[in-house]
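> take a look and give me a structure for this.
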Amino acid sequence: MENEYYYNETVTRFYDAVYENFPNLKIGSDFYLDEIRKTEGKILEAGVGTGRIFMPAYNSGADIYGIDYSKNMLDVLKSKLPVKEHHRVWIDDIRKFDTGDSFSLVISPFRVFQHLLTIDDQLGALNSIYNVLEPGGRLIFDVFNPDLKRLTTPVENVLEHEGEYLPGHKLQRYASVSYDNIIQQMDIKFKFIWEEGGLEKTDTFSTPLRYYFRYELENLVGRTKFTIENIYGNFNREALSNKSSDQILILKK
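This next block holds a predicted model:
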């Protein structure tokens with residue numbers, strides 16, 4: 001996040017349309033919603049975005065709150081919430097925040113921690129979250145499990161989404177990805193093409209993401225007061241293996 005990461009208006013506008021049926025996201029959402037259902041007490045979503053998990057949890061009666069670094073994303077989420085509930089979500093920096101309250105569970109889903117590019121950022125986020133958890137509280141977050149073949153194969157202008165953002169209005173998103181394996185960083189560029197007012201419009205958005213290996217994560221957690229309760233290899237709660245697509249960490253205070 002040293003680049004002061006944010007979502008531009010185009011990404012925010014089409015975020016829900018792109019990710020509504022994105023592969024693996026539904027099972028990931030179901031995983032987090034199940035953990036929320038099993039939790040008694042307040043829940044915080046760090047990196048709440050447009051509310052893909054927050055809103056179903058809120059609608060099911062969870063006492064859930066959310067922070068995000070992007071005003072654009074929070075504006076979309078607030079449009080889905082009753083005005084009297086807007087206090088539940090606010091702009092904050094995951095690396096250095098204090099809600100003045102404590103939570104039984106903090107979740108940080110859909111690769112939020114991969115936006116933390118430096119060790120200082122990562123430790124700042126872990127320690128900030130630790131400080132707002134109740135004793136015995138848990139943090140759950142996920143990152144992808146690196147595929148060594150993909151890390152040596154740049155991607156150029158691949159169509160990864162094609163659909164409609166409104167009835168009769170087409171939307172495409174293309175992705176290009178390059179890798180710097182020394183700093184364990186991937187640079188992603190999205191290109192959006194959509195129909196509006198009888199015209200074809202286009203815009204781009206770029207962002208870096210950090211990727212992690214298992215023992216790097218364990219060593220990182222070992223520099224905090226957290227203990228590792230479990231590490232899963234997918235959202236079906238299977239053990240981490242060479243075939244795993246994800247690394248899902250459950251940490252306990």
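> now the helices: where do they sit in the stretch 101-250 of the chain?
119-132, 214-222 (DSSP state H, counting those that start in this stretch).
> tell me the buried residues in the last one?
Meaning helix 214-222. Within helix 214-222, the residues scored as buried using 16 or more other C-beta atoms under 10 Å are 217, 220-221. Heads up, the C-betas are built off the backbone N, CA and C, glycines and all.
> go on, stretch 31-39?
The neighbour-count check on stretch 31-39 (16+ other C-beta under 10 Å) flags 31-33, 35-36, 39 as buried.
> show me what contacts the nearest residue to Asp63 once chain neighbours are set aside?
Excluding its sequence neighbours, the residue lying closest to Asp63 (C-beta to C-beta, 6 or more residues apart in numbering) is Lys42, at 5.0 Å. For Lys42, the contacting residues are 63-65, 101-104, by C-beta atoms under 8 Å, 6 or more residues apart in numbering.
> please tell me how far Lys42 sits from Val155.
In this view, Lys42 and Val155 are 40 Å apart by C-beta to C-beta, to the nearest Å.
> in strands, which of the contacts of Lys42 appear?
Among the contacts of Lys42, DSSP state E puts 64-65, 103-104 in strands.
> reformat these as TSV; add pLDDT and neighbour count.
Listed next are the ones in strands among the contacts of Lys42 as TSV, based on pLDDT from 0 to 100; neighbours: other C-beta atoms under 10 Å:
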residue	pLDDT	neighbour count
Ile64	98	25
Tyr65	98	22
Phe103	98	24
Ser104	98	18
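> ok, so of the residues you listed, who is nearest His87?
If you rank these by distance to His87 using C-beta to C-beta, Tyr65 comes first, at 8.5 Å.
> please parse the protein into its domains.
9-145+212-252, 150-210 (automatic domain parsing).
> and the ones you listed, which is most packed in?
Stretch with highest mean neighbour count among those: domain 9-145+212-252 (a mean of 17; mean count of other C-beta atoms under 10 Å).
> and the end-to-end length of stretch 221-234?
Distance across stretch 221-234, first residue to last, is 20 Å (C-alpha to C-alpha, to the nearest Å).
> ugh, wrong one, stretch 165-185
End-to-end distance (C-alpha to C-alpha), stretch 165-185: 30 Å.
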